[in-house]
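Colleague: Sequence plus predicted model, see below.
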Amino acid sequence: MNLKFSFIPIFLVCAFGATWMRAAEPAPFPIWKPGAMLAKAEDLPEISNVEFHVIKKWDKKSDGYTFLHGVGLAQHKGKLYASFGHNKGAENTVSEEAQYRVSEDGGRTWGPLKVIDAGDEPDLAVSHGVFHVHEGALWAFHGAYFGHGSPKEVHEKMKRIHTRAYCLDEKTGKWEKHGVVVENGFWPMNQPVKMADGNWIMPGFVAGSTRAIFPAAVAISHGNDLTKWDLVKIPVAKNVKAMWGESGIFVDGKTIFNIARIKGGTVALVAKSENFGRNWSPSSASNLPMTTSKPAAGILSTGQRYLVCTTAKANGYKRTPLTIALSEPNENQFSKVFVIRRSRHDGKLGESADRLSLSYPCAMEYDGNLYVGYSNDGGRRGNLNSAELAVIPIKSLIVLE
């Protein structure tokens, strides 16, 4: 009798244990609409009527610069501004500078290189960031750090990573420095978005947390005071073993979706907040393929959600083609993907090769167009990039029923 009764509970425990183990693996976050078809890169449709321009050509022989990355864009008082991190040395070293150029003709031609901040404190480097037009003034928020390192030793060498704020003085053309506005490793990745509670939310990530997990994060303003921000780190699902959480967001009332870059995988990580970004579900693997690059996300005037990165079926780690995923109006799931540009770009402005890295996009809508800035490595690798621009008519992005 004892053996009989002992056997039954053990069997049940094993059975329920196996069921529990299967249930413990969470389902992918459904940011891609169930039933929608996603094609391989070569079969994705291309957007028509896209204009391409070169913001800054990689030209080490002429100007000495090697590293360029992280384009930011803003339209301000009839001019188009483009910023980026620029370095005559290696990426993530102390000689990095936050630079920008200005176009008065929509991106066709650009003025001289100018500096937002070259780091005027000992051992300070200022790198790429984002623009923000606020109450008639142009602001910039840039990632910065002390010390120097290499891309393989970021967690060891780059110290005290933080975000600095600047405001353009229209009379002098100089940038007023507001100093450190977000600390504890936060680096902004996409421009602030106004929320219905009156605060601004700026997506990014926290660098230097651990060797494997650099989580997505957001900074939330104190109303319209852009010198005071609360840092909110987004938790990470237990089954995500590594991430480089550069992120973008789209805002649907009090609901915020954060889309972040994984590390060692090829899917988008997604987290969701239901209270204006104060609390979040963990960043979890989604059902949407995405390469390991900073994404750009937002909502168009049509109500469509968009995600600019590289999204295609079975595309692996390739940072090409540059794509845009779109939802139907007022839906929070993507359902179609279009190619912005492919690696081969013969006969058009911008570098062309058999396989490029088209990465780190930013995007903003203005006057009927979506402006997309991005890095193009010209096949050189190592983030020896040109900065380029695609101007996409919004009418080309309308998803038909």
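Modeller: Yes, it's here.
Colleague: Of all the residues in stretch 189-200, which ones are buried?
Modeller: Judged by neighbour count (16 or more other CB atoms under 10 Å), stretch 189-200 contains these buried residues: 189, 190, 191, 192, 193, 195, 199, 200. C-beta coordinates here come from the backbone N, C-alpha and C atoms, glycine included.
Colleague: With only the CA atoms kept, save it in CSV.
Modeller: Output of stretch 189-200 as CSV, limited to C-alpha atoms (Å, rounded to 0.1, in the frame of the first residue of the first chain):
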residue,chain,number,x,y,z
MET,A,189,18.5,57.1,-28.2
ASN,A,190,15.4,58.8,-29.6
GLN,A,191,13.8,62.3,-29.2
PRO,A,192,11.4,63.1,-26.4
VAL,A,193,7.7,62.5,-26.9
LYS,A,194,4.9,64.5,-25.1
MET,A,195,2.6,62.4,-22.9
ALA,A,196,-1.0,63.2,-21.9
ASP,A,197,0.1,63.7,-18.3
GLY,A,198,2.1,66.8,-19.4
ASN,A,199,5.5,65.2,-19.1
TRP,A,200,8.0,64.3,-21.8
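Colleague: contact partners of it?
Modeller: Contact with stretch 189-200 is made by 72, 74, 130-132, 141, 201-205, 220-224, 226, 246-251, 253-254, 256, 276-277, 294, 296-298, 362, 364, as judged by CB atoms under 8 Å, 6 or more residues apart in numbering.
Colleague: still on that earlier bit, let me know the closest of the buried residues of stretch 189-200 to residue 384.
Modeller: Comparing these against residue 384 with CB to CB picks out residue 189 as the nearest, at 21.0 Å.
Colleague: Give me the pLDDT value at the closest one.
Modeller: Listed pLDDT for residue 189 reads 98.
Colleague: Now do residue 117 against residue 388, distance only.
Modeller: Spatial separation of residue 117 from residue 388 under the definition CB to CB, to the nearest Å is 23 Å.
Colleague: Comparing the two, which shows the higher neighbour count?
Modeller: Using other CB atoms under 10 Å, the more surrounded residue of residue 117 and residue 388 is residue 388, with 27 against 21.
Colleague: any idea which element the more buried one lies in?
Modeller: When secondary structure is defined using DSSP states H and E, the element that contains residue 388 is strand 386-393.
Colleague: on that earlier part again, among the buried residues of stretch 189-200, which are in strands?
Modeller: With strands taken from DSSP state E, the overlap with these comprises 193, 200.
Colleague: picking that back up, can I get the buried ones among the contacts of stretch 189-200 as something I can paste into ChimeraX?
Modeller: Only the buried members of those end up in this ChimeraX selection, burial being decided by 16+ other CB under 10 Å:
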select :72,74,130,131,132,141,201,202,203,204,205,220,221,226,246,247,248,249,250,251,256,276,277,294,296,297,298,362,364
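Colleague: Out of the contacts of stretch 189-200, list just those in strands.
Modeller: Applying DSSP E to the contacts of stretch 189-200, the entries found in strands are 72, 74, 130-132, 141, 201-205, 220-222, 226, 246-251, 256, 296-298, 362, 364.
Colleague: can you map out the strands along the stretch 1-150 of the chain?
Modeller: Taking DSSP state E, counting those that start in this stretch to define them, one finds strands in the stretch 1-150 of the chain at 51-56, 67-76, 79-87, 97-103, 114-117, 124-134, 137-146.
Colleague: got these as JSON lines, with distance to residue 306 columns?
Modeller: Written out in JSON lines, the entries for the strands of the stretch 1-150 of the chain read as follows (distance: least, CB to CB, whole Å):
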{"stretch": "strand 51-56", "distance to residue 306": "18"}
{"stretch": "strand 67-76", "distance to residue 306": "15"}
{"stretch": "strand 79-87", "distance to residue 306": "20"}
{"stretch": "strand 97-103", "distance to residue 306": "23"}
{"stretch": "strand 114-117", "distance to residue 306": "27"}
{"stretch": "strand 124-134", "distance to residue 306": "17"}
{"stretch": "strand 137-146", "distance to residue 306": "22"}
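Colleague: Make TSV out of those and add mean pLDDT.
Modeller: Formatted as TSV, the entries for these read as follows, by pLDDT from 0 to 100:
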stretch	mean pLDDT
strand 51-56	98
strand 67-76	98
strand 79-87	98
strand 97-103	98
strand 114-117	98
strand 124-134	97
strand 137-146	97
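Colleague: Out of those, the one nearest residue 162 is which?
Modeller: Closest among the strands of the stretch 1-150 of the chain, using CB to CB: strand 137-146, at 5.8 Å.
Colleague: roughly how far is the closest one from the heart of the chain?
Modeller: Relative to the centre of its chain, strand 137-146 is centred 15 Å away, using CA atoms, centre = their mean, to the nearest Å.
Colleague: For it, C-alpha coordinates in CSV please.
Modeller: The C-alpha coordinates for strand 137-146 follow below in CSV (Å, rounded to 0.1, in the frame of the first residue of the first chain):
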residue,chain,number,x,y,z
ALA,A,137,13.8,76.7,-28.8
LEU,A,138,16.1,73.9,-30.1
TRP,A,139,17.4,71.6,-27.4
ALA,A,140,19.9,68.7,-27.7
PHE,A,141,20.5,65.8,-25.3
HIS,A,142,23.7,63.9,-25.7
GLY,A,143,25.3,60.8,-24.2
ALA,A,144,28.6,61.5,-22.5
TYR,A,145,31.2,59.7,-20.5
PHE,A,146,34.5,60.1,-18.7
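Colleague: Figure out which of the strands of the stretch 1-150 of the chain is closest to residue 168.
Modeller: It's strand 137-146; of the strands of the stretch 1-150 of the chain, that one is closest to residue 168 (CB to CB) at 4.3 Å.
Colleague: Touching, residue 119 and residue 99? I think so.
Modeller: No. At 11.9 Å, residue 119 does not count as touching residue 99 under the criterion of CB atoms under 8 Å.
Colleague: I am finished for the moment; much appreciated.
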